[in-house]
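[1] I need the structure of the sequence given here:
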Amino acid sequence: MSEKNREGKRTARERLAEEREKQKTAEKRRRVLIVGASVVCVLGLAAGIGVVAANAGKDDESDASGPVVAPSGANGEDSLAIPVGDAGARSTLSVWEDFRCPACKSFEDAYRSTIHELTAAGKLKVEYHLATLIDGNMGGSGSRKAANAAACAQNEGKFPEYHDVLYQNQPPETNDDFAGEARLLELAKKVDGLDTAPFRTCVEDGKHNSWVAKSNKAFQKGGFSGTPSVFLNGTNIYADQSMTPAKLKQMVEAKAQG
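    Numbering: from 1, shown residues only. Down below sits the predicted model:
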């Protein structure tokens, strides 16, 4: 073999090795993004325990002191879960989220398409639980008001679509844009058929504020480390750093076949 051919093969091997290394780095960066964002929310919980205790009570007494009105179709203990997908699916994904939490957005951005695919195929049902962690840590009311608006969207049969729109348009963690009903109603226009008079009234009146407060209390009492907390058939998969959308899909499909 000529020196030129040997050099060509060596260069090709080097390029292949470099490409593989780039792919590994990109995958590692993706995982660090998700886990790192999670740490931000967890640290916020740890650092803000006193603030949570101070703010949560005030919030409940003022804007969330009315009767607890669960959104249409809510189920689970105390009707605190919003279900998405076929009730007969063999796998259940339980998700605890806060619409202001950047780690929740990272999770949703990474797993959204896979979750939609699995629910559409009837292989997975999702139970969404709404928390207001960031309101307690950072101050404000955007977590609660966004959660109330999402519950209002559930009444209109548009929860999954509006849920996604909220995360796709999430403001920076320190920006309490979701505290403004006008912003929440503006985002509702991105969902076909959601911008209705009953929805607007539900959002403006805070119809489900007390239900959101009750859901957040369940989160606080649940011993969760932060948001998001994600469980597949009772197993914490968010804590598994090897978890990927492809692995989640494999697990759900294996359960569906078994």
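[2] Lowest average confidence across helices and strands of the protein, where is it?
    helix 49-62 (a mean of 37; mean pLDDT, DSSP states H and E).
[3] could you point out which element follows that one?
    Note on helix 49-62: by DSSP states H and E, the next helix or strand toward the C-terminus is strand 82-84.
[4] where exactly do the helices run in the stretch 1-150 of the chain?
    With helices called from DSSP state H, counting those that start in this stretch, the stretch 1-150 of the chain shows them at 3-47, 49-62, 102-120, 133-138, 142-155.
[5] looking at those, which has the lowest confidence?
    The weakest mean pLDDT among those belongs to helix 49-62, with a mean of 37.
[6] how close does L187 sit to K214?
    Separation of L187 from K214 (C-beta to C-beta, to the nearest Å) stands at 24 Å. Bear in mind the C-beta positions are built from the backbone N, C-alpha and C, glycine included.
[7] what's the answer for S106, then?
    S106 is 27 Å from K214, by C-beta to C-beta.
[8] can you pull the contacts of N75?
    81, 83, 127 (C-beta atoms under 8 Å, 6 or more residues apart in numbering).
[9] again, but for L194
    153, 156, 158, 161-162, 188.
[10] quick one: which of the residues you listed has the most company?
    Per-residue neighbour counts (other C-beta atoms under 10 Å) across these peak at A153, which has 26 neighbours.
[11] Just give the number of residues close to R200.
    16.
[12] Surely it touches E186?
    No: with contact defined as C-beta atoms under 8 Å, R200 does not reach E186; the gap is 11.1 Å.
[13] In which helix or strand does C202 reside?
    helix 197-205.
[14] what about the strands in the stretch 151-258 of the chain?
    229-232, 235-236 (DSSP state E, counting those that start in this stretch).
[15] Now do the buried residues in the helix holding C202.
    Buried residues in helix 197-205, defined by neighbour count with 16 or more other C-beta atoms under 10 Å: 199-200, 202-203.
[16] From the contact counts, what lies against that helix?
    For helix 197-205, the packing partners by 3 or more C-beta pairs under 8 Å, 6 or more residues apart in numbering; DSSP states H and E come out as helix 142-155, helix 181-188.
[17] So which of these is nearest H208?
    helix 142-155 (3.9 Å; C-beta to C-beta).
[18] Report all helices and strands that that closest one contacts.
    strand 82-84, strand 124-130, helix 133-138, helix 159-168, helix 181-188, helix 197-205, helix 209-221.
[19] As CSV, the helices and strands packed on helix 197-205 with distance to C101 would be great.
    Formatted as CSV, these follow (distance: least, C-beta to C-beta, whole Å):
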stretch, distance to C101
helix 142-155, 8
helix 181-188, 17
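[20] Would you tell me which one of the ones you listed is buried the most?
    Mean neighbour count (mean count of other C-beta atoms under 10 Å) peaks for helix 142-155 among those, with a mean of 27.
[21] now the angle from that one to helix 209-221?
    120 degrees (axes from the mean of the first three to the mean of the last three C-alpha atoms, to 10 degrees).
[22] C152 - nearest residue in space that isn't next to it in sequence?
    C202 (3.7 Å; C-beta to C-beta, 6 or more residues apart in numbering).
[23] Which among the helices and strands packed on helix 142-155 is found nearest to S113?
    Set against S113 and scored by C-beta to C-beta, the helices and strands packed on helix 142-155 come closest in helix 159-168, at 10.3 Å.
[24] quick one, what contacts G142?
    99-100, 134-135, 171, 176-179.
[25] please redo it, this time with the cut-off set to 7 Å
    100, 135, 176-179 (C-beta atoms under 7 Å, 6 or more residues apart in numbering).
[26] what about stretch 172-186, average pLDDT?
    Mean predicted confidence for stretch 172-186 is 96.
[27] what's the span of it, first residue to last?
    From its first residue to its last, stretch 172-186 covers 18 Å (C-alpha to C-alpha, to the nearest Å).
[28] what about that stretch, distance to the chain center?
    17 Å (C-alpha atoms, centre = their mean, to the nearest Å).
[29] ditto for stretch 82-95
    The answer for stretch 82-95 is 15 Å, by C-alpha atoms, centre = their mean.
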